[in-house]
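Fold the following.
(chains A, B and C)
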Amino acid sequence: MKIVVCAKLAPDASDIEVRSDGSISLERAEWRIGSFDLQAIEAAVRLRDAHGGSVTALSVGPQRINHSKLRKDLLSRGPDELVLVAEDALNGADTAVTAQVLAAAVRKIGAVDLVLTGEGSADLYFQQVGLQLGELLAVPVFNAVSKIEVSDSQVRIERSLEEETEVLELPLPAVLAVTTDIHTPRLPNMKEILLAAKKPVYEWSLADLGLENTPEPRVEAVSLRAPRPVERKRILIEGSPEEAAQSLAGYLVKEGVV
Amino acid sequence: MADDKDVWVFSEKPALQAELIAGAQQLTSHTGGQVMAVVLGARSQAEQALEQGSQRVLWLGELPSGRLVEDIVPTLAASVQDKRPFGVIIGATIRGRAVAGRLAARLGVAALADVLEFQWDDSALLARHMVFGGGAVRIDRPLAGPVIATTGQGIFEAGALQARPKGEIEPLSWVEPPWQAAVIERRSRAVSSVNLSAAKRVVCPGRGVARQEDLGLIEELAQALSAEMACTRPLAEGLGWLPRERYIGISGAMIKPDLYLGVGVSGQAQHTIGMSESRVVVAINKDRAAPLMTQSDYAVEGDLYQVVPALIRALKARKAK
Amino acid sequence: MDFRWTEEQELLIQSLEELLQREAPETLMAELDARHEFPFKPWQALADNGILALGIPEEYGGVPADITTLTLVCETLGKYALPLGIIYSLGIITIRDIIQFGSEEIKAEVLSGFVRGDLPVALGITEPQAGSDAAAMKATAKIDGEEVILNGQKMYCTLAKIARYILFMTRDEQGANPYASISMWLLPTDTPGLRFNILNKVGWWTVPTYEVFIENARIPRKNLVGQFNSGWPQLMANFEIERLALCAASVGAAEAALEDSLSYANRRVQFGNPIGNYQAVQHILTDMAIKNENMRNYIYKVAWMMDQGQSVRHEHAMCKLYVARAACEVTDAAVQIMGGLGYMMDHRVQRLWRDIRLMRIGGGTDEIMYNIAGPQLLKHARKS
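Just a heads-up that it's a prediction; the model follows:
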């Protein structure tokens, strides 16, 4: 079966720097594969190993994502090939733009049976590109997928919902956004890392996808700042466990929470 | 009904719907339109939406058997295209997000996800949400209508129920979805009927707790404080020690209790963002440098296995007095 | 001069760091140390994720890796889980001796097993009367048809009992030149006639060291590794890389010690200030950082030279001498920076301090390193 797995390459959110005026800088952050996307890649690779076929990794974003180390990182985790749409016009693209570009790329890849995405991107976590993508491709699409079983041209999935696990059967092709508990992603070993450099990478422009102009943005990010921290008392209670417990109990009574 | 002024709400959960209606009222007080709840369910549920403050109900009827909530997307999209509301606020449950994402794609817009607050800049709507794993606040402005947004539980406060609500219940005609998923099975998950958003006091164990059995000790503390048990995401999703509903964090529950007591919680941004507006924050940790320790009102540096029993004793002694 | 790693090396180390944080977190390493328990699960995790395959020939399940990459791996292991770095380093000499000198049968058996997660082959060389003077060993191998009868006593044989094999060195007492009379045998540890006595050390608690008594142990003659009486040069061929690997692990440990010290200095408040504000503390920390930087540069220079095929006869000895002492100084300084906490079993700095102390003795003592380097330096000077 032909599987496409979408992964976002973006600056590592844990490396954000907060400037003194409260604004945010990601300039020194290292670009990585989104942690939730790693689960999707693992799920795709396991399905291919079980059923045969191929896994194409797909990533869209600014020029910066077309970086040798990022390509190798993606390909060292099991996909057979990589499609990149790397243009600065896609810098800060909103979910609608991203979904449209992904949809165009999936159509160009052609004859795709299954598209997998992660729960959400590691940096913004809006949790909707996968869903938008499925709708644009006019195929069945579901989120919170924790198990995937393929047979013929059907797929049986389990969704981990808040109060229940829902087991559904749907026809392929489909788009599935997987949860974090679907699989523990494998760690790349040296053999895979060395092989990665030899796997094919296709660099497509927006024009190659038939998108003469970048899709219109639907959302404007007006401001990005560090959250204003609530001022805390920062009282450090010292002493033996007994003493500390007594002090703490006293404070809790004074605060009126006990 | 007015063009580009009405605000629709949808949630398959009536309690969340009540909150969304309150949130929508904040918006319609600015747009001058009406709040309309899209209701999937029996007529009594449609009436309930009017009691919750919806000025009008768009009623989908009950979900036909074998169908999913998500199957309403084509119907909802058609109605939105027909009636042209200002926006649709959808409750941020897993199903809600699925509906929102798919609806946004059909309407050619992007959904504003997990909105914490709506603001107005003159006539432009702004939405605030957290990004970067809780490390930053971003304010977005939708550039195209209608506005599709999701909000979670506890963001808006539901208003008082109206005793004798007026308002029309307008049935919507069902648009057959182009594809179908067959429901094979539904398995309930052991869900505790916990409502963390309503808890006034919360005790939260983290990875400092070594074994699942040790949660009994934390439970004892929670009882001594008349507090609800919460946890950090790894204890729920990773270790499976506690149900998902109990984890606090950017992708879990966001709460504002009077007391948050973290036991062995390091205080990663993704977690603290879910409790940072608690009135009183207490941390117990072996590691003085753990982020939560410096972001708390009271911090006890010590071994939780000694401090927690001592605290339980101290609290019980006070109660006895 | 490009000091950067290749992208492949960066990706490998990224993956290894994640593996170690997952499979060998500090809490586990501390617990294993307290219980004097070998890290079997973390070691197997290294195998399962292809780390042990590095540098092993592909036909036995290995993946090509140059010495620089192996050094990087050792440094990373040393930083996150020093025992794993130590175990891996100890194995390098025996595994490489097998690769270079072992028969097909031996290679197939031992190397495939190692890649799958077998413990490294232990090295049986030191004896009660033969430490630095290793050639004074007295263990014997007597040919008896298709078998060989081994006798002797080995000392400070790390891993021996729990490993599958010992690379056992014997001496032909009739040989005039000791360095041309030593042979190398693959001795399975379940051979009848072997007795193990565990030794009680100050550190390396998770890596057991034994006294081994060998009494008429019979092994097949084909267990000879390499040539008869060629054991000494065979061993010497890989002593350099073993010393380099031990150095790399030590550098990793020294980095861990510095990290702990910096973190502590930023947090510990005395006399109203974090102690890192005081110059005395800053001086100590700076010296530690300089030593770490020097150690790091030295090990990678030697690794590079080896990858280039250059001789490192005295360079590696100087490197080992420097790194062993500097790592001891850095871990000792870390204990000092951390004050009372540095002396507590609760914190890992004491474990690093105890474990690193052996580096000045094991793998070749400081004094022997001087003996190697000194004459070489003078020899090179005479030529010019």
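
From here on, just use CA atoms for contacts and neighbour counts.
OK.

and the residue of the stretch 151-300 of chain C nearest chain A?
residue C:269 (12.4 Å; Cα to the nearest Cα).

Report the beta-bridge partners for that residue.
residue C:274 (DSSP bridges).

Quick check, it in contact with residue C:275.
Yes: with contact defined as Cα atoms under 8 Å, residue C:269 and residue C:275 form a contacting pair (5.9 Å).

of the two, who's got more company?
It is residue C:275, of residue C:269 and residue C:275, that has more neighbours when counted by other Cα atoms under 10 Å in any protein chain shown, with 21 against 13.

So what touches the helix or strand containing residue C:143?
Taking DSSP states H and E as the definition, residue C:143 sits inside strand C:140-144. Under the criterion Cα atoms under 8 Å, 6 or more residues apart in numbering or on different chains, residues C:148, C:149, C:150, C:151, C:152, C:170, C:171, C:172, C:173, C:221 lie in contact with strand C:140-144.

Would you format these as TSV with neighbour count and distance to chain A included?
As requested, those are exported to TSV (neighbours: other Cα atoms under 10 Å in any protein chain shown; distance: Cα to the nearest Cα, whole Å):
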residue	neighbour count	distance to chain A
C:148	21	40
C:149	18	41
C:150	24	40
C:151	20	42
C:152	20	41
C:170	26	37
C:171	23	40
C:172	20	43
C:173	16	46
C:221	18	36
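
Now intersect these with the strands, please.
Using DSSP state E, the subset of these located in strands is C:148, C:149, C:150, C:151, C:152, C:170, C:171.

Just give the nearest non-adjacent residue to the third one, would you?
Which is residue C:150. residue C:141 (4.6 Å; Cα to Cα, 6 or more residues apart in numbering or on different chains).

contacting residues for the residue in the stretch 51-200 of chain C that chain A sits nearest to?
Using Cα to the nearest Cα, the closest approach of the stretch 51-200 of chain C to chain A is made by residue C:63 at 6.0 Å. For residue C:63, the contact set (Cα under 8 Å, 6+ apart) comprises A:190, A:191, C:53, C:54, C:55, C:56, C:57.

follow-up on the earlier one: just the ones in strands among the contacts of strand C:140-144 now: which is nearest residue B:147?
Distance to residue B:147 across the ones in strands among the contacts of strand C:140-144 (Cα to Cα) is lowest for residue C:170, with 82.9 Å.

lowest-pLDDT helix or strand in chain B?
helix B:269-272 (a mean of 86; mean pLDDT, DSSP states H and E).

now the strands for chain C?
Listed in chain order, the strands of chain C (DSSP E) span C:122-124, C:140-144, C:147-158, C:165-171, C:182-188, C:194-198, C:209-220, C:269-270, C:273-274.

chain center to the last one: distance?
Distance of strand C:273-274 from its chain centroid, counting by Cα atoms, centre = their mean, to the nearest Å, is 39 Å.

avg pLDDT for it?
Strand C:273-274 shows a mean pLDDT of 90.

Over to the first one?
When pLDDT is averaged over strand C:122-124, the result is 97.

and the strands of chain C, which one's lowest on average pLDDT?
strand C:269-270 - the lowest mean pLDDT of those, at a mean of 86.

Show me the shaky parts of the stretch 1-150 of chain B.
For the stretch 1-150 of chain B, applying pLDDT under 70 flags the ranges B:1-3.

next one: the stretch 251-384 of chain C
Using pLDDT under 70, the stretch 251-384 of chain C drops low at C:384.

Would you work out how far apart the start and end of stretch B:8-18 are?
Across stretch B:8-18, the terminal residues are separated by 12 Å (Cα to Cα, to the nearest Å).

Show me which residues of it are buried.
Of the residues in stretch B:8-18, B:8, B:9, B:10, B:11, B:12, B:14, B:16, B:17, B:18 count as buried by neighbour count, 16 or more other Cα atoms under 10 Å in any protein chain shown.

ok, now how distant is the residue nearest to residue C:150 from residue C:221?
In terms of Cα to Cα, residue C:141 sits 10 Å off from residue C:221.

any shared contact partners between these two?
With Cα under 8 Å, 6+ apart, residue C:141 and residue C:221 have common neighbours residue C:148.

need the longest helix for chain C.
Counting by DSSP state H, the longest helix found in chain C is helix C:231-267.

Reduced to three states, what does residue 20 come out as?
By default, I'm working from chain A. Taken by DSSP: H, G, I helix; E, B strand; the rest coil, the conformation at residue A:20 corresponds to coil.

wait, chain B
Residue B:20 is classified as helix under three-state DSSP.

residues in contact with it?
Residue B:20 touches B:9, B:10, B:89, B:90, B:91, B:151, B:156, B:158, counting by Cα under 8 Å, 6+ apart.

so residue A:161 sits right up against residue B:94, yeah?
Yes: here residue A:161 lies in contact with residue B:94, judged by Cα under 8 Å, at a distance of 6.4 Å.

okay, and the common contacts of these two?
Applying Cα under 8 Å, 6+ apart, one finds that residue A:161 and residue B:94 are jointly contacted by residue A:144.

Next up, the contacts around residue C:162.
C:119, C:189.

do you know how far it is from residue C:217?
18 Å.

got it, and residue A:151?
Here the distance between residue A:151 and residue C:217 works out to 59 Å (Cα to Cα).

what about those two, which has more around it?
For residue A:151 versus residue C:217, neighbours defined as other Cα under 10 Å are more numerous around residue C:217 (20 against 10).

right, and that one touches residue C:153 too?
No: contact criterion Cα under 8 Å: residue C:217 and residue C:153 do not qualify, at 11.7 Å.

Domain map for chain A?
If you go by automatic domain parsing, the domain ranges for chain A are A:2-203, A:228-258.

The longest one: how far from the chain's middle?
Computed by Cα atoms, centre = their mean, the chain-centroid distance of domain A:2-203 equals 6 Å.

returning to that earlier point: quickly name whichever of the contacts of residue B:20 is closest to residue C:289.
Comparing the contacts of residue B:20 against residue C:289 with Cα to Cα places residue B:151 closest, at 49.5 Å.

Angles on the backbone of the closest one, please.
phi -130, psi 150 (degrees, to the nearest 10).

Return the residues in contact with it.
Residue B:151 neighbours (Cα under 8 Å, 6+ apart): B:20, B:89, B:90, B:91, B:92, B:113, B:114, B:115, B:116.

What is the lowest-mean-pLDDT helix or strand in chain A packed up against?
When the helices and strands of chain A are scored by mean pLDDT, DSSP H and E, strand A:17-18 comes last with a mean of 88. If you count contacts as 3 or more Cα pairs under 8 Å, 6 or more residues apart in numbering or on different chains; DSSP states H and E, strand A:17-18 packs onto strand A:24-25.

Can you tell me which helices and strands the strand it packs on packs against?
Strand A:24-25 packs on strand A:17-18, going by 3+ Cα pairs under 8 Å, 6+ apart.

which other residues reach the strand it packs on?
A:24, A:25, A:26, A:225, A:226.

what's the closest non-adjacent residue to the fourth one?
The reference is to residue A:225. Spatial nearest neighbour of residue A:225, excluding adjacent residues (Cα to Cα, 6+ apart): residue A:23 at 4.6 Å.

How many neighbouring residues does the one you found have?
15.

which regions of the stretch 51-200 of chain A lie under the pLDDT threshold?
For the stretch 51-200 of chain A, no stretch has pLDDT under 70.
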